[in-house]
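In: Just to be clear, the model below is a prediction. Sequence and coordinates:
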Amino acid sequence: MFGRVFVGAKKLADLYADMVTTRVQFDGLRQYTKESIDEFKRLLERQSDKIDRIERERIKAEAELQARIQGLESRLNVLSEKALHAAVADIAAEYARRGGGEGPNEAPVPRPLPDGRQG
């Protein structure tokens, strides 16, 4: 009878040892999983911060480019207006030099309208 008790106690001791071993392994895996999740959260937060920084830089660069474009458009408008004024001045000077439209190649002289106004 003591043999059976001894065998049963050995099995119980073996099961207890397996249970303790499994518990230690489980606790280790749980700790590793927790640390891995914490590290993942830190990395995710760093990535999010980096994305936010890059987006702010993109918005700033876009605003700077838009301001440059508007400045260049303004300069182009001023230069176009100056060129138009210069062309009109050249045409007026040439018109005056040729005698004010009396030649055959000149624009017709405006004729008076029926009510006396120039047309």
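Out: Everything's here; your move. Owing to the predicted nature of the structure, the values given are computational and were not obtained by experimental measurement. Numbering: from 1, shown residues only.
In: List the contacts of L15.
Out: The contact partners of L15, taken as C-beta atoms under 8 Å, 6 or more residues apart in numbering, number zero. (Each C-beta comes from the backbone N, C-alpha and C, glycine too.)
In: Check the offset of the helix or strand it falls within from the chain's centre.
Out: Under DSSP states H and E, the secondary-structure element containing L15 is helix 2-97. Helix 2-97 sits 13 Å away from the centroid of its parent chain (C-alpha atoms, centre = their mean, to the nearest Å).
In: middle-most residue in this structure, spatially?
Out: Residue closest to the mean C-alpha point of the chain, counted by C-alpha atoms, centre = their mean, is R58 at 4.3 Å.
In: Let me know the pLDDT of that one.
Out: Per-residue pLDDT puts R58 at 98.
In: Same check on the one 10 residues further on?
Out: We note a pLDDT of 98 for R68 in this prediction.
In: Based on its surroundings, how many neighbours for it?
Out: Burial measure for R68: 10 neighbouring residues, criterion other C-beta atoms under 10 Å.
In: what do you get for Y95?
Out: Y95 has 13 neighbouring residues, counting by other C-beta under 10 Å.
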